[in-house]
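A.B. asks: My questions are about this predicted structure, shown below with the sequence.
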Amino acid sequence: MTFAHSQRGLSILGWLIALAVVAFLASTAFKIIPHYMDYYAIEKMIKAVENEKGQNISSPADFITYVRKGMTVNGIRDIDLEKALQVKVENNDFYATLKYEKREPLIENLDLVVHFDKEFRVRVP
């Protein structure tokens, strides 16, 4: 009976370890989440080309210019769009390939790497 009464929770060392794990996970999340937000913003811009009838997007250069303007509006500056986005036209459909990776330093010589590779088929009326 007295054994259960003497257990009252984590010790100071237990709390410090738990706090260190939470701080590490939060630090990792704060480094990775912005890259995913940028990726999803670019993905949304690529898919929005279908609905932009007034822009007269008819060539890969127009497509890339449209996406670049969206990147400027969203404040995405650290992605080289010429290397990351490849666009070709077949049968009045744009086939866009978004492929790039970003690295964030974690600890000393350890990096976090996120790799994005997706193909889109965008129909333009």
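C.D. replies: Cool, the structure landed.
A.B. asks: Tell me, what's the model's pLDDT at F3?
C.D. replies: pLDDT, F3: 61.
A.B. asks: Could you tell me how many residues sit around E119?
C.D. replies: Residues near E119, counting by other Cβ atoms under 10 Å, number 10. C-beta: built from backbone N, CA, C; applies to glycine.
A.B. asks: Let me fix that, I meant to ask about Y39.
C.D. replies: Neighbour number of Y39 under other Cβ under 10 Å is 19.
A.B. asks: distance of it from I33?
C.D. replies: 11 Å (Cβ to Cβ, to the nearest Å).
A.B. asks: Next: P105.
C.D. replies: 16 Å.
A.B. asks: Which helix runs longest in this structure?
C.D. replies: helix 12-48 (DSSP state H).
A.B. asks: got the contact list for the next helix or strand after that helix?
C.D. replies: Counting by DSSP states H and E, the next helix or strand C-terminal to helix 12-48 is helix 60-74. Applying Cβ atoms under 8 Å, 6 or more residues apart in numbering, the contact partners of helix 60-74 are 38, 41-42, 45-46, 48-49, 52, 55-57, 77, 79, 81-82, 85, 87-89, 94, 96, 122.
A.B. asks: which residues sit in contact with the residue most central in space within the chain?
C.D. replies: Centroid-nearest residue in the chain, with Cα atoms, centre = their mean: Y36, separated by 2.0 Å. Counting by Cβ under 8 Å, 6+ apart, Y36 makes contact with V114.
A.B. asks: Check which helix or strand F120 maps to.
C.D. replies: strand 110-123.
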